[in-house]
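**Q** Using only what follows, build the 3D model:
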Amino acid sequence: MRLESIDSLDDPRLAFYTNLTDVSLRRLSEPSSGLYLAESPKVIERALAAGHRPVSVITLEKWLPRLEPLLRGHDVLVFVGHESQLEKLTGFLLHRGSIAAMERPPLATVADIVRNARRIVILENIIDHTNVGAIFRSVAGLGADAVLITPECADPFYRRSVRVSMGTVLQVPWTRITSWPAGLQELKDAGFVVASLALSDDAITLAKLAAENHEKLAVVFGTEGHGLTLATIAASDRVVRIPMSHGVDSLNVAAAAAVTLFAVTNTP
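**A** Here you go, the predicted model:
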């Protein structure tokens, strides 16, 4: 790595880091720049472990000992600044010490992602980046194999998603389904049973789905406000609900994903 002090915040090489507040960065799809942000040494480490190439890094001097072994062997510029400089540059206090601009890997095909998978998660049009990141963390932690996202779903590599997932979005195989819900047929042809989480009169319980113990299972989760579309529910093999108490009709989608994954990945 090559160290360079930040002399001017107008340096064009720092343009990607300018005003990284959640409001300014909120996107539904991948940015045309082909870059994403890895925030904190832990997330940078996971990005490098996934084979992603760092373009540049901004950091505080006190974090250099943590970064040096991670970036050893990478020809990457590391810009070192003071807290006040980096806060002014990014729009927030850099309390996690460092941010790296990483090259996005090309998205794989759906066929490649699910070829050796048994348990996959599908996110339909979920636009809250915190929920997307939390679901990826559950996928990684509870042993599912991959995530597919629909065309209107939020970007998993968005800064907040990466941070909330603790970098697991960089570990879990994922890609976008380009045609939705027609793309479900490709999964069915590959042997997957498609189960959608929805409040429906004909829904089976999560316990019953788990007891069926399907060899290949794809579980679909919908938007926070409106749930799954009718077309998706109609195209599913199973409609599933999580039994609730005390007048509560449903869980937050990230919590529902965690409960569901625990059930379907811990069957005999």
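
**Q** next one: phi and psi at the residue nearest in space to the middle of the chain?
**A** Here the mean C-alpha position of the chain is nearest to the C-alpha of residue 156 (Cα atoms, centre = their mean), at a distance of 3.4 Å. Reported as degrees, to the nearest 10, the phi and psi values for residue 156 are phi -60, psi -20.

**Q** Return the per-residue confidence for it.
**A** Among the per-residue scores, residue 156 shows a pLDDT of 94.

**Q** who touches it in this structure?
**A** Counting by Cβ atoms under 8 Å, 6 or more residues apart in numbering, residue 156 makes contact with 132-133, 136, 147, 149, 162, 165, 169, 174. C-betas here are computed from N, CA, C, even on glycine.

**Q** Go through those and say which is closest to residue 89.
**A** Taking Cβ to Cβ as the measure, residue 89 sits nearest to residue 162 out of the contacts of residue 156, at 18.9 Å.

**Q** any low-confidence regions in this protein?
**A** Scanning the chain for pLDDT under 70 picks out the ranges 19-33, 92-95, 267-268.

**Q** domain assignment for it?
**A** With automatic domain parsing serving as the domain definition, the record reports that the chain contains domains spanning 2-103, 110-265.

**Q** Buried deepest among these, which one?
**A** For the domains of the chain, the largest average neighbour count (mean count of other Cβ atoms under 10 Å) is found in domain 110-265, namely a mean of 19.

**Q** what sits against residue 222?
**A** Shown here is residue 222, whose contacts under the criterion Cβ under 8 Å, 6+ apart are 124-126, 196-198, 228-229, 232, 253.

**Q** Distance across stretch 78-88, terminal residue to terminal residue?
**A** As for stretch 78-88, its first-to-last residue distance stands at 18 Å under the measure Cα to Cα, to the nearest Å.

**Q** gap between that stretch and the chain center?
**A** 27 Å (Cα atoms, centre = their mean, to the nearest Å).

**Q** Stretch 57-77 now?
**A** Using Cα atoms, centre = their mean, the offset of stretch 57-77 from its chain centre is 24 Å.

**Q** Quick one: end-to-end distance for it.
**A** Per Cα to Cα, stretch 57-77 runs 6 Å from first to last residue.

**Q** I figured residue 155 hits residue 162, correct?
**A** No. Shown here, residue 155 and residue 162 do not form a contact pair, counting by Cβ atoms under 8 Å, at 9.5 Å.

**Q** what's the spacing between stretch 179-194 and its chain's center?
**A** Stretch 179-194 has its C-alpha centroid displaced from the chain centroid by 21 Å (Cα atoms, centre = their mean).

**Q** Helices along the stretch 1-150 of the chain, start to end?
**A** In the stretch 1-150 of the chain, helices defined by DSSP state H, counting those that start in this stretch lie at 22-25, 41-49, 64-71, 83-90, 110-114, 129-142, listed in chain order.
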